[in-house]
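Asker: curious how this folds, go ahead:
(chains A and B)
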Amino acid sequence: MNYDCLIVGGGFSGLTCGIRCQGAGLSTAIISAGMSALHFSSGSIDLVGYDHERKIVYRPFEYLEKFTGAAPDHPYAHCGVETVRESLFFLKDVLAAEEMEIHNNGDENHFHVTGMGTLKPTFFSQRSVFNSAISQAFARKAKIAVLNFEGYRDFYPELAITNLLNNSLFRDVEISTGKLVFPDYGDPQKNPFEYRSIDVARIFDTIQYLDEIAEQIKREAGDAEFVAMPAFIGIQNYKKHHQILQMLTGKLIYEIPALPPSILGMRLDDALKSRFAELGGVLIAGDMVKGGDFRGGLLDHVHTQNYGTARLRAKAFVLSTGSFFSGGLVSDARGIREPIFDLRVSATSPRSTWHSPQFLDRKGHPFLEFGVETNGRLNPLDAGGNPVENIFCTGALLPHYNPIREGSGGGVAVATGFHAANQIIKACG
Amino acid sequence: MKRIETDVIIIGGGATGCGTLRDLALRGIKAVLIEKNDIASGTTGRNHGLLHSGARYAVNDLESAMECIAENRILKKIARHCIEDTGGLFVTLPEDDPGYHQKLVEHCRYARIDCEEISIGKALRIEPNLNPAALSALRVPDGTIDPFRLVSSNVLDAQERGARIFTHTFVTAVIQEGSRVTGVRCHDTGTREDFEVYGQVVINASGVWGQRICALAGVELKMFPSKGAMVIIDYRINNVVVNRCRVPSDGDIIVPGDTVSLIGTTSKKIDYSQIEELSIDDSEIEVLLADGEKLIPNISRTRVLRAYSGVRPLIAVSGDVDGREISRGIVLIDHAARDGVEGFITIAGGKLMTYRLMAQMTTDLACKKLDSSRKCSTHREPLPGSELKSMPGKHIKFFSGIPQSVVGSTLYRHGERVRQILSLSKRNYALICECEMVCEGEVEYAIRHLNVKDLVDLRRRTRIGMGPCQGELCSYRAAGLFARLNVATSAESNGMLVDFLEERWKGMKPILWGDGLREAEFTHWIYQGLFGLGDVNLPGEEESL
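Answerer: Residues are numbered from 1 along each chain as shown, chains lettered A, B, ... in the order given. The predicted model follows:
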């Protein structure tokens, strides 16, 4: 098998890169081991939410212009702020082609409400999380009803509302609670008190239940103009059903990302995979790259678990294998390693420096900033310290940024995936 | 200030204090127990959970060995649901002194501990993961004991017989009238209220913290704290307790317990000022894993789940350097005789295995002071939940409709009390913690009946958050249940969640690599990335959405 571009890792970054390459006419394949971090994400796309003092960033591009100058190793610095911007709006168009509406607040961040009732700055959100009607309703302090599905264990409105009311933005807002009860729906083999987001989403995906759901929403929400629910309003039919429910109830319906699996993230994953397939890309699912051979300082081919000794060749390879959680980096008691090619990693030692003393430390944890060392083109370095010019590393595999502390995980995934694709397109063209 | 009158006041909610509370209650004597944190949160809950046969002490400390085997037999009857009668092995490895084996056999004979010499082949059949290079093996009646369940059952029984307990409550002063101790002043850290308890006898059962209590009573007592570190392996890799057959030293035992196995222990003298914040050094972890691997080689390929340490509450005797050679004997002090302070008793030393005997000795002395002739019955009265031999089939049939795994896990943790915990309501048996199979009904029962004030307490009663994921999803759910059951405000629930995650973090930090690091990244992502839990107390932002 021979491709122009072979991408290892089918997460947010790999898919963005794949869509860009395939869309530019390169024959592209993505090897994906399974679920990606998108399944655990908020479903909004954070660009940069906090500065180095963890103060909220309101104008992310302005901030990045200054910040990248002072942090030359940061992935955004490798991409350049213009490419970061271009990549995000490229993604917005890609999702629009899949009829997924993504909203941004011009060049500014907006906030989304978390399951704990805190507010997170983010750049792009799905329609049910941010749009002009929602921001107007928030601005005029419309009454909110937080509704939950009876028995859904992964969201407790009580905890969220307390924290929300502590925020000055919500201090004068009236917030009520209520619950939806559908004992007869769903899988009879399953205890309805053990439903996860996905089980509830299946109910919302079913059109014949919508009238009943709408009735219950109206009853439970009372005179609240605004209804907030955990993000479980469907996966396949979410767009249409969200609209129908808003129409039937006459209320604005807002989704709060809850514990994984993330329905909002799965919608993004579905849309990106669908786009990649429509463009003619090849998705090799359920397989893992085990290694590869180098020739003349370049990666010649890789081999995978399922293909055995068969060689998968490409002109360019992209490594979007994620951080520790996704297996892109591994560790033992002695150190950190990149497991496929043993590429040079940036990490600290000894082990006691990998973490902060507190779990919820405001400085975040150093291990989140470990990753594969690259040059500005995102090429990793071989044992001799020379860049491997046909491998590009993207997303959470990269070092020198802290996705959680900065609120930058989604943006770095998209921007570096796009930046890598641009260079591959140029090299292949 | 609120004032409570009772007969006996116990300070310290470890095994000894709670055992004494129960002994007093069984003898019909009114008692109040004060614990500064949670029951079993000190040394009691920070050991390897070995139900000693006494063999470990037989060579060096025959008296302790004989106490252990006697209590071993009693506990197997009264605390069935807290115990697994796994049996244990002592194995000699090629680098060990082969003479110790024979010495141990002889000393076990003196102590009347059943000690059977078995072939390596038989030892490997009993414990297939054992190092096949072992030279010889002995079989002894070791087992495992869950200290949390044991202590909670003692308290439950005592409370059902009228005893009272205040957890998360500090003793701030010992009240004296002349040369007599008459009570204690307390501060409840939850309600932030001060109150006084008066009684005729005050028992200091606060273990290593007893030095401080004695000081409050104007009496000198010098503790000799010795730290012991342990690591938890994320699978139950052995069926039986595996001991190294050599002079006691670091890393010489692997104890299975519930869903995990534990490698114990190190021993290191520490300064008294360090007893609150115990740290674990990388060198201790290395020693434990290296020695553990010698006994059971596949430990090197198994995930390490946590590391933790406890303080041995030994009372100082001169001439000992590392705290291991010291007798772990029971020290019962009548301060009237020793210091001329009437109405004040200190019970210290000993070990988890002898908690009941220590409670009996203490209660006997208290009874003498109270002129009561009631006799001890704790050696024959089963603890609540342990009344009958476990018959899982019977309960599974009774609760048909509830997944067997849920019935089995609840039964395993609460014995016969399972009947008061589970019901056929779907909400009742819905799982909150999938790793340890803890359902909503068990959480509610623990919160309502087992003196649970926060998520960390709940973990000790139910094992919630103790499994492979270390509370990734269940801690949020359980925090939500505190609010939903109206036993905590939402703000308190949020606070508990932070405290719980920070408490779990303490045990994860020392072993943060491999899958442990992966799990930590994920949990950090959920609670900080997705929930912004660390930002809960941030002042509100003054901008529009």
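
Asker: contact residues of the stretch 101-250 of chain A facing chain B?
Answerer: Selection of the stretch 101-250 of chain A residues close to chain B by CB under 8 Å from any CB of the partner chain yields A:110-111, A:114-120, A:130, A:134-135, A:138-139, A:151, A:153-156, A:158-159, A:161-163, A:166-171, A:191-194. Bear in mind the C-beta positions are built from the backbone N, C-alpha and C, glycine included.

Asker: selection in PyMOL covering whichever of these are buried, please.
Answerer: Of those, the buried ones can be selected in PyMOL as follows, counting by 16 or more other CB atoms under 10 Å in any protein chain shown:
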select buried, chain A and resi 110+111+114+115+116+117+118+119+120+130+134+138+151+153+154+155+156+158+159+161+162+163+166+167+169+170+191+192+193+194
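
Asker: tell me where the stretch 151-300 of chain A has strands.
Answerer: Counting by DSSP state E, counting those that start in this stretch, the stretch 151-300 of chain A has strands at residues A:175-180, A:226-230, A:252-256, A:282-285, A:289-295, A:298-304.

Asker: out of those, the one nearest residue B:464 is which?
Answerer: strand A:226-230 (21.9 Å; CB to CB).

Asker: check the offset of that closest one from the chain's centre.
Answerer: 22 Å (CA atoms, centre = their mean, to the nearest Å).

Asker: who does it pair up with?
Answerer: strand A:144-149 (parallel), strand A:252-256 (parallel) (DSSP bridges).

Asker: give me the contact list for the longest one.
Answerer: It refers to strand A:144-149. By CB atoms under 8 Å, 6 or more residues apart in numbering or on different chains, the surrounding residues in contact with strand A:144-149 are A:155-157, A:160-161, A:173-180, A:182, A:195, A:200, A:217, A:220-222, A:224, A:226-230, A:232.

Asker: what pLDDT does the model give residue 139?
Answerer: Just going to use chain A. You'll see residue A:139 listed with a pLDDT of 89.

Asker: sorry, should have said chain B
Answerer: In this prediction residue B:139 is given a pLDDT of 98.

Asker: that one and residue B:127: what is the separation?
Answerer: 10 Å (CB to CB, to the nearest Å).

Asker: hmm, residue A:251 and residue A:225 touching each other?
Answerer: Yes: under the criterion of CB atoms under 8 Å, residue A:225 makes contact with residue A:251 at 6.2 Å.

Asker: these two: who's more crowded?
Answerer: Ranked by neighbour count (other CB atoms under 10 Å in any protein chain shown), residue A:225 and residue A:251 place residue A:251 first, with 21 against 14.

Asker: nearest residue to the more buried one other than its sequence neighbours?
Answerer: Leaving aside its chain neighbours, residue A:251 sits nearest to residue A:227 (4.8 Å; criterion: CB to CB, 6 or more residues apart in numbering or on different chains).

Asker: my read is that residue B:188 contacts residue B:165, right?
Answerer: No: the criterion here is CB under 8 Å, and residue B:188 misses it with residue B:165 at 12.0 Å.

Asker: those two: who's more crowded?
Answerer: It is residue B:165, of residue B:188 and residue B:165, that has more neighbours when counted by other CB under 10 Å, with 21 against 16.

Asker: what sits against that one?
Answerer: Applying CB under 8 Å, 6+ apart to residue B:165 gives the contacts B:13, B:21, B:32, B:33, B:35, B:39, B:155, B:158, B:159, B:451.

Asker: what is the nearest of these to chain A?
Answerer: residue B:451 (23.2 Å; CB to the nearest CB).

Asker: tell me how chain B divides into domains.
Answerer: Chain B breaks down by automatic domain parsing into domains covering B:2-43+B:148-222+B:328-370, B:83-142+B:224-311, B:392-535.

Asker: check the strands paired with strand A:226-230 for me and report the most buried one.
Answerer: Stretch with highest mean neighbour count among the strands paired with strand A:226-230: strand A:144-149 (a mean of 24; mean count of other CB atoms under 10 Å in any protein chain shown).

Asker: figure out how far it is from the centre of its chain.
Answerer: Relative to its chain's centre, strand A:144-149 lies at 25 Å (CA atoms, centre = their mean).

Asker: also stretch B:379-391?
Answerer: Worked out by CA atoms, centre = their mean, stretch B:379-391 lies 19 Å from the chain centre.

Asker: next one: stretch B:238-254
Answerer: The chain centroid and the centroid of stretch B:238-254 are separated by 19 Å under CA atoms, centre = their mean.

Asker: and stretch B:145-162, by the same measure?
Answerer: For stretch B:145-162, the distance to the chain centre is 12 Å (CA atoms, centre = their mean).

Asker: same question, stretch B:83-91
Answerer: Worked out by CA atoms, centre = their mean, stretch B:83-91 lies 18 Å from the chain centre.

Asker: who touches it?
Answerer: With CB under 8 Å, 6+ apart as the test, stretch B:83-91 has contacts from B:51, B:53, B:55, B:75-76, B:101, B:104, B:123, B:126-127, B:130-131, B:134-146, B:239-245, B:256-257, B:295.

Asker: now stretch A:180-193
Answerer: Taking CB under 8 Å, 6+ apart as the rule, stretch A:180-193 contacts A:147-151, A:153, A:195, A:199-200, A:202-203, A:206, A:209, A:212-213, A:216-217, A:220, B:426-427, B:429-430, B:440.

Asker: one more time with 10 Å
Answerer: A:147-153, A:195-196, A:199-200, A:202-204, A:206, A:208-209, A:212-213, A:215-217, A:219-220, A:229, B:402-403, B:406, B:425-432, B:439-440 (CB atoms under 10 Å, 6 or more residues apart in numbering or on different chains).
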